[in-house]
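> Just the structure for this:
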Amino acid sequence: MSQRNNLEHLKFQHSDLKIKLTDIMSATDNFSATNHIGGSETILVVEHASNGYLNDYLFNIKEKPFLTWAKRLKICLDIAHALKYLHHEMENQKTVINCDIRSGTISLDENWRARIVDFGFSVFLPPNLDGDALHLNCILGHECYIDPEYDETGKLKRESDVYSFGVVLFKILCGRVDNDPTYIKESDIGLAFVVRRCFYDETPMEMNQMIDPLIKDECANGYSLDIFMKVAYQCLAKNQEQRPNMEVIIKELEKALSFQEEHVQCLETDQVVDEFGKSLLRHENPTLKENAVVNLCWDNSELVFTPNTEYVINISVGFK
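Reported below is the predicted structural model:
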């Protein structure tokens, strides 16, 4: 097994240094290539993460707004689209392997759109490289997220990012840190090992118990969760060739989101019917014909009743 780099020494040590964008633009003549800050150092300017980082919302739930299941799925899709771009859609057939996909490197903007913001371990994969793989003498990344085949052989591929993304997917699903003591007591790699064991041993009840209880009530129909867990598990395959590419992952995540949005819409429809039914019963003594067919047309208009009058009401629910 290749020896890992010491992350504490590799990562840039810094305090909370903040420089106004206007000051940077002024110092660089609006980012002119002929003006530089300092010597040969490179500065990466990224959009301010006004809603912080994904990590914060999974574990500091008392201090942060709750992320619904639908919102979590949209965040997963944003990350997946970013990885698809890095892996397949850059100019001149370039490929970037991030090597550090984890919830702590995913920022959230004011509209809850997710972005990959840390490229400290990233490497370029040259075009037309034999086998689309790099062979490195050191292992980059954080232990619980490292592709096991890359860890064992030093072979770095796009699928190494896919594995890390799979860990993030299950982290979002379970709402626990990847190195939670519950997981670490089984294996040093934490969450990924426990997930693979649950699927291999076919223990769905145990896997179900790992799901964040805050989202279980939202996913009562199960279809969205099933699709999500299936593709997330495929990302955690031990062998690189068995993992799906980002295009396949995106399609499955879109399916999961579609099922969840349909489920939420059905719940909202049921709630509208229930609220109008209660409102009807509270009205001033309306009387209905016995065995009347009751439907309600909801078009945001006010229903007016005359007391002591018999009504046959047709109710059909729709949204404009």
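> helix/strand/coil for the nearest residue to residue 219 once chain neighbours are set aside?
For residue 219, ignoring the flanking residues on the chain, the nearest one in space by Cβ to Cβ, 6 or more residues apart in numbering is residue 225 at 4.9 Å. (Glycine included, C-beta is placed from N, CA and C.) Assigned with DSSP: H, G, I helix; E, B strand; the rest coil, residue 225 falls in the helix class.
> Tell me who's in contact with residue 225.
Counting by Cβ atoms under 8 Å, 6 or more residues apart in numbering, residue 225 makes contact with 173, 211, 219, 256.
> Can you list which of these are found in helices?
173, 256 (DSSP state H).
> min pLDDT across the contacts of residue 225, which one?
When the contacts of residue 225 are compared by pLDDT, residue 219 scores lowest at 77.
> so how many other residues sit close to it?
Residues within reach of residue 219, counting by other Cβ atoms under 10 Å, total 21.
> ok, now residue 214?
Other residues near residue 214 come to 13 when the count uses other Cβ under 10 Å.
> wait, it sits on residue 65?
No: taking contacts as Cβ atoms under 8 Å, residue 214 lies outside contact range of residue 65: 11.8 Å.
> Among the contacts of residue 225, which pair sits farthest apart?
Maximum pairwise distance among the contacts of residue 225 (Cβ to Cβ): 13.6 Å, between 211 and 256.
> Mind checking which of those two has more residues around it?
residue 256 (26 against 17).
> Tell me who's in contact with the more buried one.
Per Cβ under 8 Å, 6+ apart, neighbours of residue 256: 73, 223-225, 227-228, 231.
> Residue 146: which of those is nearest?
residue 231 (20.2 Å).
> Contacts only, for the closest one.
Residues counted as contacts of residue 231 (Cβ under 8 Å, 6+ apart) are 169, 244, 248-249, 252-253, 256.
> just residue 264 next, same as before
By Cβ under 8 Å, 6+ apart, the neighbours of residue 264 are 70, 218.
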